[in-house]
Each structure stands twice: as C-alpha cells, then as structure tokens.
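>>> A structural model of the following input is requested.
(2 chains)
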2 protein chains.
Amino acid sequence: MTDVSAGGGRTPSRAVEQALVDAAERVLVRDGLGGLTVRAVAAEAAVAPMGVYNRFGSKDGLVAAVLARGFEGLRAATAAADDADPVERLLTCGRNYRRFALDHPQHYAAMFGAGWAAAVPTEELVDRAGAAFQALVDRVGYAVDRGVLRPGDPVGTAQLIWSSVHGAVSLELAHLGRTADPAASYEALLRMLLDGLG
Amino acid sequence: MTDVSAGGGRTPSRAVEQALVDAAERVLVRDGLGGLTVRAVAAEAAVAPMGVYNRFGSKDGLVAAVLARGFEGLRAATAAADDADPVERLLTCGRNYRRFALDHPQHYAAMFGAGWAAAVPTEELVDRAGAAFQALVDRVGYAVDRGVLRPGDPVGTAQLIWSSVHGAVSLELAHLGRTADPAASYEALLRMLLDGLG
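So this is what the prediction gives:
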C-alpha cells in the first residue's frame, strides 16, 4: 500500500480532512445546522459516510470542526482591526464583528447557539473560540493603555462589549430590531460603548 | 346539543384554548421547541390532535400562541419596574429582564430565535411583542424626562439597551460568557448602559 501520509507540510490526509470541512461549510450555508449530517457532508464531498466518521468520530465532531473554522474567521476579522488610533481600532473591531456575522449568518447562529451546545468540545474548538475572544481583549487592553477606556479587568470589559455587539447582531439577523436602520443603530451602539466604558 | 359557548366572561371554548396553551408551555419546558408538536400537545392536554388543529390551524399557530404568552410575561416583568427614582426604575427593569430569561430559558430562546422565525405572525403575537418593547420604551422616556438619560428618540435608545441585555442573557443562557460571575457582569453592563446613555 502507498503511504498516503508522506509528503509536504500539508499531507494528503490533512488535505482530505480540510476538503471534508469545506464540504461541511457548504452544507451548513445551504441547509442550516439541521441539515449538517454525516450523510449530507459525505454526499457533498463525494466520499463514503465512513470516511467522515473515521475522521470526525460523529456528526458532533464534524460540527466542532466547522465551528472551529468559524471562530478562526471571527478571530481574523477581529484581529484585522489594527488602526493606530485606539478609538478607531475599537470601532473597526466592532464593525468587523458585525460584518462577519452578516456575511456568515449560518456560521454565526451555530457558533453561539445550537451548534455550540451540540459540538464535541475538542481542543481545537476551545482554542479557536478562546483566541477569538482574546483578540477583543487585546484591543481593549490597547485602548486602556492609551486612556480611551477606563482601567479595569480587560476580560470583564471585553465581556460587556461582546454582550452588546452579540445582542445587536443577533437581533438584526433574526429581523427583530425595532429601528429602521440597523447599521445606524449599530454605530450608535459602538459610540454608547465608548461613552459607557471611557 | 348544549351550547358550550354560553357562560361567564371566560367561555368554555376560551378555557379550552387556554388549557391547550398551558399544555404547550409544559411541552416546551420539558422537550424544547423541537418537541412542541401538535401531537405532543394534544397528548399532554388529553385531547384529540384535531382539537389542536381546529383552534390553532397548525403547529406554527400553536407556537405563536405560546410565544404570545411569553411576550406577555416579559411585558409584565418589564412593567413591574415602577420605582419612582428613574435610575432605579431602569436598573429594576434590566434585572427583571434577566430574571425572566433565566426563569424561562426555553421560552426566551424560542421568542428570540427559531420560534419567532417559525411562528405564524398572528395579530396577538405581533401585539404582545410590541407591548413588551413598548414597556421598555416607556421606562426610557421616564428617565429622559427626568434628565437621567440624554434626550433623543426613546425607541432608538431602547433598542440599544435591548441589544445589550439580550446579548448578555443569551450568552449566559448558552454558557458562553468568559467571566466567572454572570450576575456581577450583568450589573456592570447595566451601569455601563446608564453611563453610556446618560
């Protein structure tokens, strides 16, 4: 038999795993979390269901791999806020958070709802979720160091910001907001956070 | 045949409807939104499934009736904040909102998630949801009139408050918060809102 694990930095085995997560993301976007089954992902990737089970153990292991990718995307969106001005950095961070949610509504709903509850808490998933939050904590610390936010526990402050932006985008995604212009409401929310935490 | 609609202020027919919604709430609490089927509610209420269909038209009509009750509960919790001091009235309002969510997690998740998306948008449901939000708008107006919150559109201000408290309780219910004491974080959130909107 050929040793399929030989090769460069990304082994064929790793490439297959990534292709399965790619397929799972397409199924999530197309059919929602309820449609994300081993059978559907296997069909999308044109492999046997056993190939999915062998790599992810279960449907909930597959969900964990998809959510880990979602948190990596959210971390990257948050970390992309690198304005030198600390107020602008926080505003960019907040705007990127909303943009990520609006661009990936199925991922977002799964990451902070039923998907999180169902997913196997793999080391990869826990690490990626923690890294996404840490990117916000880092930006809070940058603002505190420059006197834009009040001194205090940056984790606690980041939690307050996260609560507010999560609530705003969740209501917007669910079409539950009571104002005519959700983008304007979101900008007002970010200004309120700066005023309330400054 | 006996005229079963004769009687006092609450007719037997209305009483049957209320008994079915009572049963639906028990099913929601016990089995979650996914378990809230016409068959399950009929069994819980010890009536034939056709009795449920006749009154609510469909499962999603039944969901609407259950959510309408949830919004009436949330309105009552919000309106119970009647402290004379406008700051205390807002704090009580915020605390009552969290208490409602923690006491009724299945209702809360359904009201602002999959249940809202699935429910038939009956006049009753739309009215109750609007009344719950209006109770918050009224308390914002009370605080604005007394100089505790900045002048401005009370609906827009209420939306910012709602976004923040909704995000906080949603993360708490999903066990996603990153701080050790969610009650203390929530109090800090309410103070941040007063500072940011004052």
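>>> give me the buried positions along the lowest-mean-pLDDT helix or strand in chain A.
Sorted by mean pLDDT, DSSP states H and E, the helices and strands of chain A end with helix A:114-118, the least confident at a mean of 91. Neighbour-count burial for helix A:114-118 flags A:114-116 (criterion: 16 or more other Cβ atoms under 10 Å in any protein chain shown). For the C-beta atoms, the positions are set from N, CA and C on the backbone; glycine is no exception.
>>> following it, which helix or strand comes up?
Using DSSP states H and E, the helix or strand that follows helix A:114-118 in sequence is helix A:123-145.
>>> ok, then the element right after that following helix?
Once helix A:123-145 ends, the next helix or strand along the chain (criterion: DSSP H and E) is helix A:154-173.
>>> what does chain A put close to chain B?
Residues of chain A lying near chain B by Cβ under 8 Å from any Cβ of the partner chain: A:112-113, A:116-117, A:133, A:155-156, A:158-160, A:162-168, A:170-171, A:174, A:176-179, A:185, A:188-189, A:192-197.
>>> tell me the domain boundaries of chain A?
Domain assignment for chain A, taken from automatic domain parsing, gives A:1-57, A:70-197.
>>> out of these, indicate the one that is most buried.
Among the domains of chain A, ranked by average contacts under mean count of other Cβ atoms under 10 Å in any protein chain shown, first place goes to domain A:70-197 (a mean of 19).
>>> what's the spacing between it and its chain's center?
10 Å (Cα atoms, centre = their mean, to the nearest Å).
>>> what backbone torsions are found at A:S58?
Phi and psi for A:S58, reported as degrees, to the nearest 10, are phi -170, psi 170.
>>> burial check on it, number of neighbours?
Applying other Cβ atoms under 10 Å in any protein chain shown, we find 12 residues neighbouring A:S58.
>>> is it true that it touches A:A118?
No. The pair A:S58 / A:A118 is not scored as a contact, 10.1 Å apart, by Cβ atoms under 8 Å.
>>> who touches both of those two?
Taking Cβ atoms under 8 Å, 6 or more residues apart in numbering or on different chains as the criterion, A:S58 and A:A118 do not both touch any residue.
>>> what's A:D31 in contact with, if anything?
By Cβ under 8 Å, 6+ apart, A:D31 lies in contact with A:A40.
>>> distance of it relative to B:A79?
Using Cβ to Cβ, to the nearest Å, A:D31 is found at 41 Å from B:A79.
>>> host element of the residue nearest to the spatial centre of chain A?
Centrality entry for chain A: nearest residue to the mean C-alpha point is A:F71, 3.0 Å, by Cα atoms, centre = their mean. Using DSSP H and E, the element containing A:F71 is helix A:59-79.
>>> rewinding a little: residues making contact with the least confident helix or strand of chain A?
Under the criterion Cβ under 8 Å, 6+ apart, residues A:33, A:60, A:63, A:66-67, A:109-110, B:174, B:176 lie in contact with helix A:114-118.
>>> wait, which of the residues you listed is closest to A:L91?
Lowest distance from A:L91 to the contacts of helix A:114-118 (Cβ to Cβ) belongs to B:L176, with 23.8 Å.
>>> which residue is the nearest non-sequential neighbour of A:G167?
B:G167 (2.5 Å; Cβ to Cβ, 6 or more residues apart in numbering or on different chains).
>>> ok, that neighbour touching A:S164?
Yes. Using Cβ under 8 Å, B:G167 is in contact with A:S164, at 5.6 Å.
>>> about what we covered before: ok, so of the buried residues of helix A:114-118, who is nearest chain B?
Nearest to chain B, judged by Cβ to the nearest Cβ, of the buried residues of helix A:114-118 is A:W116 at 6.3 Å.
>>> hmm, back to that, lowest average pLDDT across the domains of chain A?
Per-segment mean pLDDT for the domains of chain A reaches its minimum on domain A:1-57, at a mean of 85.
>>> export the domains of chain A to TSV and append columns for distance to B:E123.
Formatted as TSV, the domains of chain A follow (distance: least, Cβ to Cβ, whole Å):
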stretch	distance to B:E123
domain A:1-57	29
domain A:70-197	18
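>>> among the ones you listed, which is nearest B:V52?
Using Cβ to Cβ, these put domain A:1-57 closest to B:V52, at 23.7 Å.
>>> show me how far the closest one is from its chain's centre.
On Cα atoms, centre = their mean, the centre of domain A:1-57 falls 20 Å from the chain's centre.
>>> name the nearest residue to A:V87, sequence neighbours excluded.
Per Cβ to Cβ, 6+ apart, closest to A:V87 is A:V148, 5.5 Å.
>>> what's the distance between the one you found and A:T92?
Per Cβ to Cβ, A:V148 is found 13 Å from A:T92.
>>> how about A:L197?
Distance from A:L197 to A:T92, counting by Cβ to Cβ: 16 Å.
>>> so what touches stretch A:77-93?
Contacting residues not belonging to stretch A:77-93 are listed as A:96-97, A:99-100, A:132, A:135-136, A:138-140, A:142-143, A:145-146, A:148-149, A:190, A:193-194 [Cβ under 8 Å, 6+ apart].
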